[in-house]
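>>> Sequence first, predicted model second:
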Amino acid sequence: LGAAGRREGRRCPASSASASPPSSVAAAAIAPSRPNRRGEASMAHTVPWHLLRTSAPLPAELVTHRLKSCDSVRRLLQLHEEHADGFNAYHASALWSRAGRLAFSEPSEREWALRNEGSAFGAVRVATAALSPQMSGRNVANASYGIWRAGLGQSDAWQPLWSSLAAAALSSADTLGTADSLQLTRAFGPLDAAGQVAVADVLTAVAKRLCDAPAGGRPLLAAASSPELVGIASAFAAARPQHGAGWVCAPLASEAARRRTELRPWQLGRLSLALSRLGEPLAADAEDLADEICTRIRHFGAHELAFLSASLSAGAPDRHPSPPRLFAAVAAHAASAARETAAAPAAVSSPWPATLPLAALALAAAAAAAKPP
């Protein structure tokens, strides 16, 4: 360090290591370093040792970095306990988002979270509810989606948190993007509408945000990617009370029909199933989608065919939006696939799993029997 550094060190008592770092130290702690192999700035080499080894308050950016790099749900909860006084709305959102990712990808983490749901998450639930009025629309979406993705939030103990997140979502609904809307619909859709949470209000607000077009502009739904479009349709169709279905069904069908040539077979299959559960799209859109599916039916594999068949057997046949020729095309293709699977030698693996084409054929046959083509 040289003479100046040694003199500076002598002026600092040993006990000063536990005090709050000066602003220059905090700035050094969050200063970007040279990029790593992925081109991202790494913070590991820029944090002064005394910030890592003492109880000195960490800069907010460093707390966020630690949350996002956690490797266990238990460690996430420990970080909240250690830095609870400095926790902000962004930290709470990052914690739940990371918890959801860990629990979704690691069965052991999900098992631990579910086993300790009643005892381990109380403090962070209360803190998140208190911070929810400060959350942006994206923060609310990330936190809600993380809770849902981790398999948490179904007991009565979570009702106050869901109510707070619902209020925050409603207050920031006009700032939601397509990904945020998808996450909120997935998180709030399975909740019990009879509870304290305003599920219907949240889903309706999200649906309006997606489908309302500004003056002279296009609705937000038009900016969704194809996977997002499929996800949004499936999330609204899977919601326990299908609130918002009246808003999204026709716009979703119109958007799907507009980009039908760009959609992959699995996307067409899932959209057909979701739309059949949501309601009745416009006849012209249903015709366009049916034409595209019939044209490309040979390219539909077992999974896509199962989705299509399930969509044909859903709902009342007398008001089913799909044109009759679609029933015939799906049933014929399913029967052909079933014959191909049955005729394949035992030593030759068929591209069709044995159960899926038969299940699809049964569904298509039931639909065709209810409404003969």
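Happy to help now that I have it.
>>> Show the contacting residues for Asp192.
Val199, Arg240 (CB atoms under 8 Å, 6 or more residues apart in numbering). From N, CA and C alone the C-beta is placed, and that goes for glycine too.
>>> Now do the helices in the stretch 201-350 of the chain.
Ranges of helices in the stretch 201-350 of the chain, per DSSP state H, counting those that start in this stretch, are 226-238, 245-258, 265-278, 283-295, 302-313, 324-343.
>>> what's the average pLDDT for the third one?
Spelled out, that is helix 265-278. The average pLDDT within helix 265-278 is 89.
>>> Can you give the contact residues for that helix?
Outside helix 265-278, the residues that touch it by CB under 8 Å, 6+ apart are 226-227, 229-230, 233-234, 236-237, 242, 245, 248-249, 252-253, 256, 260, 263, 281, 289, 292-293, 296, 299-301, 303-308, 310-312, 314-315, 320-322.
>>> Filter the residues you listed down to just the buried residues.
Among the contacts of helix 265-278, the ones that count as buried by 16 or more other CB atoms under 10 Å are 229-230, 233-234, 236-237, 242, 245, 248-249, 252-253, 256, 260, 263, 281, 289, 292-293, 296, 300-301, 304-308, 310-312, 314-315, 320-322.
>>> Excluding sequence neighbours, find me the nearest residue to Pro219.
If the residues on either side of it in the chain are set aside, Pro219 comes closest to Ala213, at 4.3 Å by CB to CB, 6 or more residues apart in numbering.
>>> if I look at that neighbour, how far off is Leu67?
38 Å (CB to CB, to the nearest Å).
>>> do the same with Asp156
Distance from Asp156 to Leu67, counting by CB to CB: 27 Å.
>>> Contacts only, for the closest residue to Leu210 other than its chain neighbours.
Spatial nearest neighbour of Leu210, chain neighbours left out: Leu221 (4.6 Å); criterion: CB to CB, 6+ apart. Leu221 is in contact with Thr178, Leu210, Cys211, Leu229, Ile232, Val248, Pro251, Leu252, Glu255, counting by CB under 8 Å, 6+ apart.
>>> list the buried ones in the helix or strand containing Leu77?
Using DSSP states H and E, Leu77 maps to helix 73-82. Using 16+ other CB under 10 Å as the test for burial, helix 73-82 gives Val73, Leu76, Leu77, Leu79, His80.
>>> How about the second one: what's its closest non-neighbour residue?
The shortest distance from Leu76 to any non-neighbouring residue, by CB to CB, 6+ apart, is to Cys70 (4.9 Å).
>>> If you rank every helix and strand of this protein by mean pLDDT, what lands last?
The helix or strand of the chain with the poorest confidence is helix 23-30; it has a mean of 41 (mean pLDDT, DSSP states H and E).
>>> what's the burial count for Ser108?
If you count neighbours by other CB atoms under 10 Å, Ser108 ends up with 11.
>>> which secondary structure element contains it?
Ser108 is part of helix 107-115 when elements are defined by DSSP H and E.
>>> Let me know the pLDDT of Ala250.
88.
>>> Ok, Ala329 next?
At Ala329, pLDDT is 84.
>>> One more: Glu40?
As predicted, Glu40 sits at a pLDDT of 45.
>>> And Gly100, by the same measure?
96.
>>> again with Pro35
48.
>>> shift numbering so it begins at 630
Okay, using 630 as the starting number, the last item reads as Pro664.
>>> Give me the three-state assignment for the residue nearest the centre of the chain.
In the chain, the residue lying closest to the centroid (CA atoms, centre = their mean) is Gln812, at 3.9 Å. Three-state call for Gln812 (DSSP: H, G, I helix; E, B strand; the rest coil): helix.
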